[in-house]
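Enquirer: What would the 3D arrangement of this be:
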Amino acid sequence: MIPFFKKDLLVFWRDRKELAVSLAAPLILITVLGFALPGWIENPAKSLEMKAALVNLDNEAAAVQQVQGTLGLGSDESWSSPVQALIGLLQSEEAGSFVQIQELSSEEARRQLEEERIEAIITIPDGFTLAALHKMLLNEGEGAALQVTAREASLQVDALKDLIGGLMHAINFNASLQHAGGAEMAAAAAMVLAEGGNFGGYEIIPGAQTVTSFQYFALAISIVFALLLSTTISTKAMAEKREHTLQRILLAGSRPVQYLAGKMSAAFCLSMLQLTIVLLVSHFALGIFPGRSLQFWLGMSSVLLLLSLCVGALAALFTALVFRLEDSVASGLTFVIILVAGTIGGSFAPIYVLPGWLKAAGEWTPNGLTLAVLLEWLQTETSASLTVPLIKLGVFALAAAGLAIGLFPRRGRI
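Expert: Here you go, the predicted model:
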C-alpha cells in the first residue's frame, strides 16, 4: 500500500496550482464572509429585521371590566391582559432587535402590506381579551387566537410567528396550572394578571459560549473543502483509468485493494493536512479561537481526524464508481453527492436557516455531523458530547470503505 500512497501524494503534489487553490480558496472565503457578514451567526436577528403592523380591533377595557365583575373583583385594580402582554413583548428589547412594530388601522395596514412597506400584519380580533380571560380564569369557551397576515412566507414571518407562539404557549401554560390547581391557583393567576406577569424572554445558559461568524465560516468552509478532496482524488483516478495505469499495476502482481487503499490513505493525509493548515492559519491571522484550552484543541483534533477518515473512505468509494461507471456519469454522481451533503450539512448556508427535517438529515452526512458536533464543542467543551458523534463518523468511514471495496472491480474484470 505504501508505494501507492506515495504515488498518489506525488501526483497531487505535481499539480502545484491545484494545491495552492485548495489552501488559498477556503482562507479567502473565510476572511471575506467573516468581514462581510459580521454578527450574522451569533446575532441572527440582524438578518431577520422586518417591519410589521399591529391592528387592534378589540375593546380591551370593556372585556377586563366584564371579567372583573364576573369574578367579583374591584374595578380599580389594574390588570395586565393578554393584549398588554403581547404589546409588551413586541416592544421589548429582544423583539425590537429584529421587528419594528407600528399600530395602524386595518385599512392602512393592508395598504402598506400591498405596497410592501411592511412584511406582516398582527391582528387582535374583536372579543380577543374577553375570550382569552374567560378561558384563562373561568375555563369557559374555546379561547382566542391572533391573526398574522403576510404577502408571502419568509424566514422573518416564521420568526415573528414563533415569537407570538411562544407568548401564547406561556399564557396557555399558566391557564393550565390554574385549572389544575383549583381556587388557590386561580387566585395566583389573577395576581399574575394584576401585577403584570412576564411572559416569555430568554436566558443565558451558564458555561455556554457564543459561536461567532468567523468561527462558523472557518469550520463550515474548511470542512466542505476537505470533502471536495474526495472528488479530486477520484478525478485523478479517471486519468489513470484512461491511461490503463491500474492494469500495469496489476500486471506487476499487486492487488486491486492495495490500489484502493493508496487512494484512501492519501485522501486521509491530504484532508487532515488541509484542515490543519486552514484552521491554524485562520486562527493565528484572525484570532478565531482565542484563549482556548488544550482540551479544546484535542477534542477538535479527534473530530477532524475521524472526518478525514470519512473523506478517505469517500475518495475510495468515488474511485470505485469511476471504474464501474462512465467517467461523465461518475463525475456527475460524485458532484451531486457533494452538493447535497454540503447544502443540508450547513456548509453552504447556516444551519439555523434550514427547516428542522433538513437539519436532522444533515446530521447523517459526515460534514453536517462534524459541523454540528464542533459547534456544540465550541460552546460547551463537554467531553460526553463527542462520544456518539465520533462513533457515527467511524461507522460511516467503515461503511463507505466496505462499500468501496465491494464495488471496486476484481482482478480480471478491469
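Enquirer: Now for the nearest residue to Glu114 once chain neighbours are set aside: which residues touch it?
Expert: Closest residue to Glu114 in three dimensions, ignoring its sequence neighbours and counting by CB to CB, 6 or more residues apart in numbering: Arg151, at 7.7 Å. C-betas here are computed from N, CA, C, even on glycine. By CB atoms under 8 Å, 6 or more residues apart in numbering, the contact set of Arg151 is Leu113, Glu114, Glu116, Glu119.
Enquirer: Which members of these are the farthest-apart pair?
Expert: Farthest pair in the contacts of Arg151 (CB to CB) is Glu114 and Glu119. Separation: 12.1 Å.
Enquirer: higher neighbour count, the two?
Expert: The residue with more neighbours, out of Glu114 and Glu119, is Glu119; 21 against 10, by other CB atoms under 10 Å.
Enquirer: how close does the nearest residue to that one once chain neighbours are set aside get to Ala95?
Expert: Leaving aside its sequence neighbours, Glu119 sits nearest to Met50 (CB to CB, 6+ apart; 4.5 Å). Plainly put, Met50 is 11 Å away from Ala95 if you go by CB to CB, to the nearest Å.
Enquirer: the more surrounded of those two?
Expert: It is Ala95, of Met50 and Ala95, that has more neighbours when counted by other CB under 10 Å, with 21 against 18.
Enquirer: returning to what we had before: next up, phi/psi of the residue nearest to Glu119, please.
Expert: phi -150, psi 160 (degrees, to the nearest 10).
Enquirer: switch to numbering from 51
Expert: I'll keep to 51 as the first residue from here, and by that count the last item is Met100.
Enquirer: From Glu157, how far off is it?
Expert: Met100 sits 21 Å away from Glu157, going by CB to CB.
Enquirer: Thr281 now?
Expert: Taking CB to CB, one finds Thr281 at 57 Å from Glu157.
Enquirer: between these two, which one's more packed in?
Expert: Counted by other CB under 10 Å, Thr281 and Glu157 do not tie: Thr281 has more neighbours, with 17 against 9.
Enquirer: The more buried one reaches Leu383, doesn't it?
Expert: No. In this structure, Thr281 is not within contact of Leu383 by CB atoms under 8 Å, at 10.2 Å.
Enquirer: give me the element Gly456 is part of.
Expert: helix 434-457 (DSSP states H and E).
Enquirer: Mind giving me the packing neighbours of that helix?
Expert: helix 306-336, helix 344-374, helix 416-430 (3 or more CB pairs under 8 Å, 6 or more residues apart in numbering; DSSP states H and E).
Enquirer: export that helix as PDB, just CAs?
Expert: Taking C-alpha atoms only, helix 434-457 is exported to PDB below (Å, rounded to 0.1, in the frame of the first residue of the first chain):
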ATOM      1  CA  ALA A 434     -19.500  13.500  26.700                       C
ATOM      2  CA  SER A 435     -20.900  15.300  23.600                       C
ATOM      3  CA  LEU A 436     -18.100  13.900  21.400                       C
ATOM      4  CA  THR A 437     -18.600  10.200  22.100                       C
ATOM      5  CA  VAL A 438     -21.700   9.400  20.000                       C
ATOM      6  CA  PRO A 439     -20.700  11.600  17.000                       C
ATOM      7  CA  LEU A 440     -17.200  10.100  16.900                       C
ATOM      8  CA  ILE A 441     -18.700   6.600  16.800                       C
ATOM      9  CA  LYS A 442     -21.100   7.700  14.000                       C
ATOM     10  CA  LEU A 443     -18.200   9.100  11.900                       C
ATOM     11  CA  GLY A 444     -16.200   5.900  12.500                       C
ATOM     12  CA  VAL A 445     -19.200   3.800  11.400                       C
ATOM     13  CA  PHE A 446     -19.700   6.000   8.300                       C
ATOM     14  CA  ALA A 447     -16.000   5.600   7.400                       C
ATOM     15  CA  LEU A 448     -16.100   1.800   7.800                       C
ATOM     16  CA  ALA A 449     -19.300   1.500   5.800                       C
ATOM     17  CA  ALA A 450     -18.100   3.700   2.900                       C
ATOM     18  CA  ALA A 451     -14.700   1.900   2.800                       C
ATOM     19  CA  GLY A 452     -16.500  -1.500   2.800                       C
ATOM     20  CA  LEU A 453     -18.800  -0.400   0.000                       C
ATOM     21  CA  ALA A 454     -15.900   0.900  -2.000                       C
ATOM     22  CA  ILE A 455     -14.100  -2.500  -1.700                       C
ATOM     23  CA  GLY A 456     -17.300  -4.300  -2.700                       C
ATOM     24  CA  LEU A 457     -17.800  -2.100  -5.800                       C
END
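Enquirer: quick one: buried residues of the helix or strand encompassing Ile283?
Expert: For Ile283, the enclosing helix or strand under DSSP H and E is helix 263-292. By neighbour count with 16 or more other CB atoms under 10 Å, helix 263-292 contains the buried residues 263-288, 290-291.
Enquirer: Also stretch 339-352?
Expert: Neighbour-count burial for stretch 339-352 flags Phe339, Gly349, Met350 (criterion: 16+ other CB under 10 Å).
Enquirer: coming back round to it: I'd like the average pLDDT over the helix holding Gly456.
Expert: For helix 434-457, the mean pLDDT works out to 91.
Enquirer: Could you do stretch 103-116 as well?
Expert: Regarding stretch 103-116, the rounded mean pLDDT is 82.
Enquirer: With that, I have no additional questions.
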